[in-house]
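*Asks:* this one's sequence-less:
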Ligand SMILES: Cc1cc2nc3c(=O)[nH]c(=O)nc-3n(C[C@H](O)[C@H](O)[C@H](O)COP(=O)(O)OP(=O)(O)OC[C@H]3O[C@@H](n4cnc5c(N)ncnc54)[C@H](O)[C@@H]3O)c2cc1C
């Protein structure tokens with residue numbers, strides 16, 4: 001018999017919705033808190049820059065029981081994703097579980113000595129505390145803006161210049177007729193550079209520290225979902241927990257794997273003309289692939305070719321009135337400086353004593369299956385296993401987390417087992433796969449299949465692979481198949 005719990009879900013984005021559904025479905029009493037006025041998280045309309053679209057193809061950015069509409073393009077636009085998330089919430093009647101405009105200000109262990117947490121909540125001027133038996137955290141990796149400034153910014157602004165974080169660029173009228181500098185190497189930086197160039201900016205300079213591998217939507221004419229999201233490709237990256245036999249096989253196949261990645265690099269260099277734009281990365285692609293690998297914004301290389309976008313390697317050194325000086329010595333006249341420098345990862349409402357247990361001194365998170373920490377009971381993260389198909393990752397871990405919370409995993413780990421696994425994963429990230437350290441180590445890509453295999457095994461799934469071995473080996477993680485695998489896990493109801 002599983003006791004019905006009162007469960008807090010923090011966040012109303014992709015992950016919060018997945019968590020609310022998973023806990024509600026098992027019969028728990030869910031109360032969700034979203035600090036914004038609306039659902040959607042990064043896709044909520046007032047937080048999205050114009051022209052934003054997914055990096056993942058639509059079949060790889062949906063919940064298992066709710067495909068994106070047929071009429072959506074292969075890579076849906078931001079407002080379409082927003083509508084899609086609303087339709088998912090409506091389908092499962094999740095809105096009734098959430099309190100919008102409600103911020104979780106603090107989270108402490110319960111003072112009454114019961115298992116669980118006390119949340120300090122704020123809605124307008126109202127502030128109160130509420131106890132929960134379990135907390136599912138879905139506050140994402142992109143909630144706190146990374147704010148940076150450069151010497152001379154005040155003078156730039158006094159001269160009429162404008163400095164903004166990428167999330168504040170919400171309307172192209174902000175840059176029409178203006179000279180724009182966009183700082184950052186990520187997809188949001190290139191999305192904004194292209195959007196500005198195509199929407200009447202007088203000039204666009206795109207400034208980034210170093211070239212990184214960027215994957216076009218079509219690699220050699222083939223949709224990248226057919227090339228990069230498959231077990232056969234994933235198995236070529238140096239994964240964790242290899243047995244001695246697997247290590248021998250990996251050593252034997254090393255030349256083939258090497259040739260495969262050099263082939264991919266050559267294809268990308270030729271297709272994107274990376275040499276011409278001085279954008280060939282130094283790092284071998286197989287070492288670099290992680291959640292930070294951007295997809296090429298359509299129009300980026302066209303903009304570079306036409307000269308509408310000019311790329312500069314380096315960063316902003318200082319502003320001098322309306323002149324922006326770069327670290328490489330270049331000087332650019334600008335009216336608007338858009339800092340696409342990302343977001344701060346963190347759990348700011350968790351007190352330091354708990355953060356000390358969660359985060360290592362080098363910023364790596366101590367989380368078993370990228371979700372739970374044995375020293376912080378009665379809580380877990382949903383969506384901290386981000387990937388190239390984050391909606392599916394969030395749904396998978398939400399289903400895992402509710403079973404973990406209820407002691408219903410087929411393979412319920414002990415504290416010692418979790419700590420051993422955490423140490424093994426940290427060691428792998430630090431010594432064998434530095435790319436996996438990105439975002440505090442909270443990225444399951446490119447190891448989607450392996451991560452999902454572990455979760456399904458833990459949950460006791462009777463089916464975790466497609467019947468057709470060729471499809472299983474050579475095609476992407478299909479949401480319908482994962483729906484079937486989840487349905488094959490032992491079901492139960494709390495009550
Ligand atoms: C422009 C862009 C494009 C992307 N494209 C893709 C893609 O194609 N494929 C992919 O896999 N991923 C993509 N991502 C990554 C994306 O972040 C995830 O796919 C997913 O949307 C994350 O959802 P989440 O719910 O975990 O976090 P979020 O969407 O960040 O939602 C977290 C929510 O928690 C709320 N919150 C935070 N703190 C509190 C608090 N203290 N109290 C109450 N509420 C709080 C926030 O308001 C927010 O609504 C993209 C991200 C961006 C920014």
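*Replies:* Now that the structure is in, tell me what you want to look at. These numbers come from a predicted model, not from an experiment.

*Asks:* dump the residue contacts of residue 445.
*Replies:* 289, 290, 291, 386, 387, 388 (Cβ atoms under 8 Å, 6 or more residues apart in numbering). Every residue, glycine included, has its C-beta placed from N, CA and C.

*Asks:* what's the neighbour count on residue 248?
*Replies:* Using other Cβ atoms under 10 Å, residue 248 has 11 neighbouring residues.

*Asks:* how close does it get to the ligand?
*Replies:* 34 Å (Cβ to the nearest ligand atom, to the nearest Å).

*Asks:* Where does that residue sit: helix, strand or coil?
*Replies:* Under DSSP: H, G, I helix; E, B strand; the rest coil, the three-state class of residue 248 is helix.

*Asks:* swap in residue 332?
*Replies:* strand.

*Asks:* residues in this protein within reach of the ligand, list them.
*Replies:* Proximity of the chain to the ligand (Cβ under 6 Å from any ligand atom) is limited to residues 10-16, 33-36, 41-42, 52, 54-56, 61, 103-104, 138-140, 142-143, 188, 349, 383, 387-390.

*Asks:* Tell me which of those residues fall in strands.
*Replies:* Mapping those onto strands (DSSP state E) picks out 10, 33, 103, 104.

*Asks:* ok, residue 34 touching residue 102?
*Replies:* Yes - Residue 34 lies in contact with residue 102 (Cβ atoms under 8 Å); the separation is 6.7 Å.

*Asks:* Domain parsing of the protein, as residue ranges.
*Replies:* 6-144+344-487, 147-341 (automatic domain parsing).

*Asks:* which of these sits most buried?
*Replies:* Of all those, domain 6-144+344-487 carries the top mean neighbour count, a mean of 19, counting by mean count of other Cβ atoms under 10 Å.

*Asks:* Which stretches in the stretch 1-150 of the chain count as helices?
*Replies:* Ranges of helices within the stretch 1-150 of the chain are 14-25, 78-91, based on DSSP state H, counting those that start in this stretch.

*Asks:* Tell me which residues touch the residue nearest the centre of the chain, please.
*Replies:* For the chain, the residue nearest the mean C-alpha position is residue 386 (4.3 Å; Cα atoms, centre = their mean). Residue 386 makes contact with 141, 291, 393, 439, 442, 443, 444, 445, according to Cβ under 8 Å, 6+ apart.

*Asks:* Tell me how far residue 4 lies from residue 118.
*Replies:* 19 Å (Cβ to Cβ, to the nearest Å).

*Asks:* so residue 92 touches residue 21, yeah?
*Replies:* Yes - at 5.0 Å, residue 92 counts as touching residue 21 under the criterion of Cβ under 8 Å.

*Asks:* quick one on the thing from earlier: same list (the domains of the chain) but as CSV, adding mean pLDDT.
*Replies:* Rendered in CSV, the data for the domains of the chain read as follows (pLDDT from 0 to 100):
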stretch, mean pLDDT
domain 6-144+344-487, 96
domain 147-341, 95
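
*Asks:* okay, those domains in TSV with distance to residue 495 next?
*Replies:* TSV is the format used below for the domains of the chain (distance: least, Cβ to Cβ, whole Å):
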stretch	distance to residue 495
domain 6-144+344-487	5
domain 147-341	37
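
*Asks:* Kindly state which of the ones you listed is positioned closest to residue 493.
*Replies:* domain 6-144+344-487 (4.7 Å; Cβ to Cβ).

*Asks:* Quick check: the closest residue to residue 147 other than its chain neighbours vs residue 80, distance?
*Replies:* Leaving aside its chain neighbours, residue 147 sits nearest to residue 165 (6.6 Å; criterion: Cβ to Cβ, 6 or more residues apart in numbering). Remark: distance between residue 165 and residue 80 (Cβ to Cβ) = 24 Å.

*Asks:* Then residue 476?
*Replies:* Distance of residue 476 to residue 80, computed by Cβ to Cβ: 20 Å.

*Asks:* For residue 397, give me its contacts.
*Replies:* Residue 397 neighbours (Cβ under 8 Å, 6+ apart): 18, 369, 370, 371, 381, 382, 383, 384, 385, 455.

*Asks:* where along the stretch 351-495 of the chain do the helices fall?
*Replies:* Going by DSSP H, counting those that start in this stretch, the stretch 351-495 of the chain shows helices at 352-358, 390-405, 415-427, 438-441, 448-459, 469-474, 479-487.

*Asks:* Looking at those, which is nearest to residue 214?
*Replies:* Of all the helices of the stretch 351-495 of the chain, helix 438-441 comes closest under Cβ to Cβ, at 15.5 Å.

*Asks:* got the contact list for residue 20?
*Replies:* So residue 20 contacts 9, 30, 32, 94, 97, 98 (Cβ under 8 Å, 6+ apart).

*Asks:* Kindly confirm my reading that residue 206 is in a strand.
*Replies:* Yes - counting by three-state DSSP, residue 206 is found in a strand.

*Asks:* Setting aside sequence neighbours, what's the nearest residue to it?
*Replies:* Nearest one to residue 206, counting by Cβ to Cβ, 6+ apart, is residue 193 at 4.3 Å.

*Asks:* residue in the stretch 101-250 of the chain nearest to the ligand?
*Replies:* residue 140 (2.3 Å; Cβ to the nearest ligand atom).

*Asks:* From what I see, that residue and residue 12 are in contact.
*Replies:* No - when contacts are counted by Cβ under 8 Å, residue 140 is not listed as touching residue 12 (10.2 Å).

*Asks:* which neighbours do the two share?
*Replies:* Joint contacts of residue 140 and residue 12 (Cβ under 8 Å, 6+ apart) are residue 41.

*Asks:* and the residue nearest to residue 86 when sequence neighbours are not counted, how far is that from residue 234?
*Replies:* Distances taken as Cβ to Cβ, 6+ apart place residue 39 nearest to residue 86, at 6.3 Å, with adjacent residues excluded. Distance of residue 39 to residue 234, given as Cβ to Cβ: 32 Å.

*Asks:* got it, and residue 246?
*Replies:* Noted for residue 246: a distance of 13 Å to residue 234, by Cβ to Cβ.

*Asks:* Then residue 25?
*Replies:* Distance from residue 25 to residue 234, by Cβ to Cβ: 29 Å.

*Asks:* same check, this time on residue 160
*Replies:* 51 Å.

*Asks:* cool, residue 428 as well?
*Replies:* For residue 428 relative to residue 234 (Cβ to Cβ), the value is 15 Å.

*Asks:* one step back: residue contacts, the residue nearest to residue 147?
*Replies:* 145, 146, 147, 338, 339, 340, 341.

*Asks:* Tell me which residues touch the fifth one, please.
*Replies:* If I follow you right, that is residue 339. 148, 163, 164, 165, 166, 183, 184.

*Asks:* Filter those down to just the ones in strands.
*Replies:* 163, 164, 165, 183.

*Asks:* Hmm, the second one is touching residue 340, no?
*Replies:* No - distance between residue 164 and residue 340: 9.8 Å, which falls outside the contact criterion (Cβ under 8 Å).

*Asks:* right, and residue 213 touches residue 287 too?
*Replies:* No - Residue 213 is beyond contact range of residue 287, at 9.7 Å (criterion: Cβ under 8 Å).

*Asks:* list residues touching both of these two?
*Replies:* Here residue 213 and residue 287 share no contacting residue, scored by Cβ under 8 Å, 6+ apart.
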